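Undergrad: sequence first, then the predicted structure, then my questions.
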Amino acid sequence: MTDILLAIPYPNIDPVLFQIGPLAIRWYALAYVAGLVLGWRLIVRLARKAPLPVKEIDIDDFLVWATLAVVLGGRLGYVLFYQTGYYLANPGAMLRVWEGGMSFHGGILGVAVAGIVFVKRRGISGLVFADLLSCGAPIGLFFGRLANFINGELFGRPADVPWAMVFPRGGPEPRHPSQLYEALLEGLVLFAVANLVYRNEALRRRPGLTAGVFIAGYGIARSVSEFFRQPDAWVLPWLTIGQALSLPMLAAGIALAVLALRRPAS
């Protein structure tokens with residue numbers, strides 16, 4: 001009881017921002033819109049500043065592709081990676097995305113597939129395009145984690161730190177507000193690192209480097225945050241499914257960055 005009294009009260013923000021009749025505007029949806037739109041505007045700005053083989057119309061058009069890829073890939077990834085049994089028993093629940101339940105690993109796979117098809121159709125350098133996308137992607141991660149916090153989902157493990165919170169869905173124990181940790185690491189820190197790399201002209205002239213740093217950086221940030229987040233599932237007694245899914249990203253990101261550094265600068 002003492003621990004509960006010392007915990008910071010969870011703010012209990014209404015997941016619905018406002019409602020007009022049957023139309024409800026939710027913070028969760030708004031977070032995705034904000035991440036996509038702000039990321040798009042940043043990428044357009046970066047493309048204008050540097051002489052790149054990417055036209056503004058290409059970035060504008062890919063926004064639609066990215067939106068569909070994030071939503072479909074993120075939801076499908078969550079269903080397959082985390083809650084397969086539940087959704088097989090309740091297939092209608094797969095469509096209730098406003099209740100939460102999106103996988104970044106599924107979302108990035110969706111964007112990767114969409115991006116490969118898109119650049120081939122437009123004749124754009126895939127690595128150059130991936131570098132641009134990597135500068136804007138952390139914005140979506142930041143807002144997405146804030147939406148997780150507002151929804152009271154994906155909360156942390158039980159904790160006795162002064163900033164622990166009692167989440168409505170997490171039982172009576174104070175827990176780490178791990179969604180905020182992830183917003184910091186996967187959002188703000190990763191945004192700063194990716195954009196610092198990209199804004200260095202010598203590094204920007206090595207296509208694939210920024211994308212490699214982003215992918216590996218997410219793998220590290222997610223793996224670290226999993227030590228504080230209540231695991232969705234365990235692959236091994238010491239390895240969560242989130243960490244297991246992040247290890248291939250870490251390896252792929254490092255490989256992509258090393259290859260970019262070994263190639264002659266463009």
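TA: Right, received. Where do you want to start?
Undergrad: so R175 touches V161, yeah?
TA: No. With contact defined as Cβ atoms under 8 Å, R175 does not count as touching V161 (9.7 Å). C-beta here means a position set from N, CA and C on the backbone, and glycine is covered the same way.
Undergrad: and those two? which has more neighbours close in?
TA: R175 (22 against 15; other Cβ atoms under 10 Å).
Undergrad: and that one, what does it touch?
TA: Contacts of R175 were listed using Cβ atoms under 8 Å, 6 or more residues apart in numbering, and they are 155-159, 164-167, 230.
Undergrad: how close does it sit to L261?
TA: 41 Å (Cβ to Cβ, to the nearest Å).
Undergrad: for stretch 116-133, the averaged confidence score.
TA: Averaged over stretch 116-133, pLDDT sits at 95.
Undergrad: in it, what counts as buried?
TA: 118-119, 124, 126-133 (16 or more other Cβ atoms under 10 Å).
Undergrad: name the residues that touch it?
TA: 43, 46-47, 52-54, 58-59, 61-62, 65-66, 111, 115, 198, 204, 207-211, 260.
Undergrad: out of these, which are buried?
TA: Using 16+ other Cβ under 10 Å, the buried ones in those are 43, 46-47, 52, 54, 58-59, 62, 65-66, 111, 115, 198, 204, 207-211, 260.
Undergrad: inside helices: which ones of these?
TA: Using DSSP state H, the members of the buried ones among the contacts of stretch 116-133 that fall in helices are 43, 46-47, 58-59, 62, 65-66, 111, 115, 198, 204, 209-211, 260.
Undergrad: OK, contacts around F143?
TA: 31-32, 34-35, 187.
Undergrad: need the max-distance pair from those residues.
TA: Spanning the widest gap among the contacts of F143 are Y32 and G187, at 13.6 Å by Cβ to Cβ.
Undergrad: okay, M1: pLDDT?
TA: Reading off the model, M1 has pLDDT 41.
Undergrad: kindly report the same for E99.
TA: E99 is assigned a predicted lDDT (pLDDT) of 65.
Undergrad: try E182
TA: 98.
Undergrad: which strand or helix spans it?
TA: Here E182, judged by DSSP states H and E, is contained in helix 178-182.
Undergrad: what do you get for F143?
TA: With DSSP H and E as criterion, F143 is part of helix 126-151.
Undergrad: one more: F18?
TA: Per DSSP H and E: strand 16-20 holds F18.
Undergrad: report the central residue of this structure.
TA: L141 (3.6 Å; Cα atoms, centre = their mean).
Undergrad: what sits against it?
TA: 35, 104, 182-183, 186-187, 190, 218.
Undergrad: separation between it and A89?
TA: In terms of Cβ to Cβ, L141 sits 30 Å off from A89.
Undergrad: and for G110?
TA: 24 Å.
Undergrad: what about those two, which has more around it?
TA: G110 (23 against 9).
Undergrad: and I8, what does it touch?
TA: The neighbourhood of I8, defined by Cβ under 8 Å, 6+ apart, consists of 162-165.
Undergrad: and what of A7?
TA: Here A7 is in contact with 164-166, 174 (criterion: Cβ under 8 Å, 6+ apart).
Undergrad: can you check F155 too?
TA: Contacts of F155 (Cβ under 8 Å, 6+ apart): 165, 167, 169-170, 175-179, 229-230.
Undergrad: go again with 10 Å.
TA: 10, 148-149, 165-171, 175-179, 228-230 (Cβ atoms under 10 Å, 6 or more residues apart in numbering).
Undergrad: also A211?
TA: Residues near A211 by Cβ under 10 Å, 6+ apart: 126-135, 137, 194, 197-198, 252-253, 256-257, 260.
Undergrad: go with 6 Å
TA: By Cβ atoms under 6 Å, 6 or more residues apart in numbering, A211 lies in contact with 130-131, 134.
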